[in-house]
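J.: Predicted model, plus sequence, below.
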Amino acid sequence: QKEVEQDPGPLSVPEGAIVSLNCTYSNSAFQYFMWYRQYSRKGPELLMYTYSSGNKEDGRFTAQVDKSSKYISLFIRDSQPSDSATYLCAMSADYKLSFGAGTTVTVRA
Amino acid sequence: ETGVTQTPRHLVMGMTNKKSLKCEQHLGHNAMYWYKQSAKKPLELMFVYNFKEQTENNSVPSRFSPECPNSSHLFLHLHTLQPEDSALYLCASSQAGGTEAFFGQGTRLTVV
């Protein structure tokens, strides 16, 4: 079993739709949870950072962590074509990052 | 710019060549990392340096040789690579013991 599972998609949505992304994990020691966004031909950039369970909102982005279910989510409201990218979840225990495979999202104008 | 610069951006090399990838960070971080990103696979951690000392080698073949002369620079020396080593190689930096990693643009490596 992979330590972090993420559906690679691809996911295609119309502009203005809500994008829902998620990851599951097996290591209960993970405490820090992150979402990275990676545009084509670019390196990943940190998008959201959450410690332990709960919700965090930043503009159109909401990150949720449910440690009891070992499940994290990222929601993008009012999606824009500029949101088209690959989204990678990452989580950390003992300062070591583990990444999901990434979900490729296309927002259609 | 992310504060982490990688050169070259693209590299094509034969299996008998020797080449080096370079990474430089301007963020004042003291930990640097090499990752390998292959299509449809999670990012694979290769090497970790904390305060210029290698603290992790994730079972990487010896044809990949890292070098960290100071906290701002990181190199990955490549020799006798295989076609399956073709991938995007990403450098990242953070504060030692920190969890927020900042990535460079990556070097797209093709081994022919």
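T.: Alright, I've got the coordinates. Numbers count the residues shown, from 1 in each chain, chains lettered A, B, ... in the order given.

J.: Spatially nearest residue to the residue of chain B found nearest chain A, not counting backbone neighbours?
T.: Of all residues in chain B, residue B:103 sits closest to chain A, at 3.6 Å by CB to the nearest CB. C-beta: built from backbone N, CA, C; applies to glycine. With sequence-adjacent residues excluded and distances taken as CB to CB, 6 or more residues apart in numbering or on different chains, residue B:103 is closest to residue A:43, at 3.6 Å.

J.: Neighbours of that neighbour, how many?
T.: The tally of other residues near residue A:43 (other CB atoms under 10 Å in any protein chain shown) stands at 21.

J.: and the longest strand for chain A?
T.: Counting by DSSP state E, the longest strand found in chain A is strand A:85-93.

J.: Put the alpha carbons of it into PDB.
T.: These are the backbone C-alpha positions of strand A:85-93, laid out as PDB (Å, rounded to 0.1, in the frame of the first residue of the first chain):
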ATOM      1  CA  ALA A  85      -2.500  22.600 -13.200                       C
ATOM      2  CA  THR A  86      -1.500  19.500 -11.400                       C
ATOM      3  CA  TYR A  87      -2.200  19.500  -7.600                       C
ATOM      4  CA  LEU A  88      -0.100  17.500  -5.300                       C
ATOM      5  CA  CYS A  89      -0.900  16.600  -1.700                       C
ATOM      6  CA  ALA A  90       2.000  16.300   0.700                       C
ATOM      7  CA  MET A  91       2.200  15.400   4.300                       C
ATOM      8  CA  SER A  92       5.000  15.300   6.800                       C
ATOM      9  CA  ALA A  93       6.100  13.300   9.800                       C
END
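
J.: what lines up beside the helix or strand of chain B with the lowest mean pLDDT in the sheet?
T.: The helix or strand of chain B with the poorest confidence is strand B:53-57; it has a mean of 82 (mean pLDDT, DSSP states H and E). According to DSSP bridges, strand B:53-57 forms sheet pairs with strand B:44-50 (antiparallel).

J.: got the residues of chain B near chain A?
T.: Within chain B, the positions near chain A by CB under 8 Å from any CB of the partner chain are B:2, B:4, B:6, B:40-43, B:45, B:56, B:90, B:92, B:97-106, B:108.

J.: buried residues in the very next helix or strand once past the least confident helix or strand of chain B?
T.: The element immediately downstream of strand B:53-57 (helix or strand, assigned by DSSP states H and E) is strand B:64-70. For strand B:64-70, a neighbour-count test (16 or more other CB atoms under 10 Å in any protein chain shown) marks B:64, B:66, B:68 as buried.

J.: Kindly reformat the residues you listed as CSV and extend each row with pLDDT.
T.: Shown next, in CSV, are the buried residues of strand B:64-70 (pLDDT from 0 to 100):
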residue, pLDDT
B:64, 97
B:66, 96
B:68, 95
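
J.: Quickly list what the closest residue to residue A:49 other than its chain neighbours is bridged to.
T.: Counting by CB to CB, 6+ apart, residue A:49 lies nearest to residue A:34, which is 5.1 Å off, once chain neighbours are set aside. In this entry, residue A:34 is beta-bridged to residue A:49, residue A:90, by DSSP bridges.

J.: burial measure for residue A:34, as a count.
T.: Residue A:34: 23 neighbours (other CB under 10 Å).

J.: show me what contacts it?
T.: A:46, A:47, A:48, A:49, A:50, A:89, A:90, A:91, A:92, A:97, B:99, B:100 (CB atoms under 8 Å, 6 or more residues apart in numbering or on different chains).

J.: I am finished for the moment; much appreciated.
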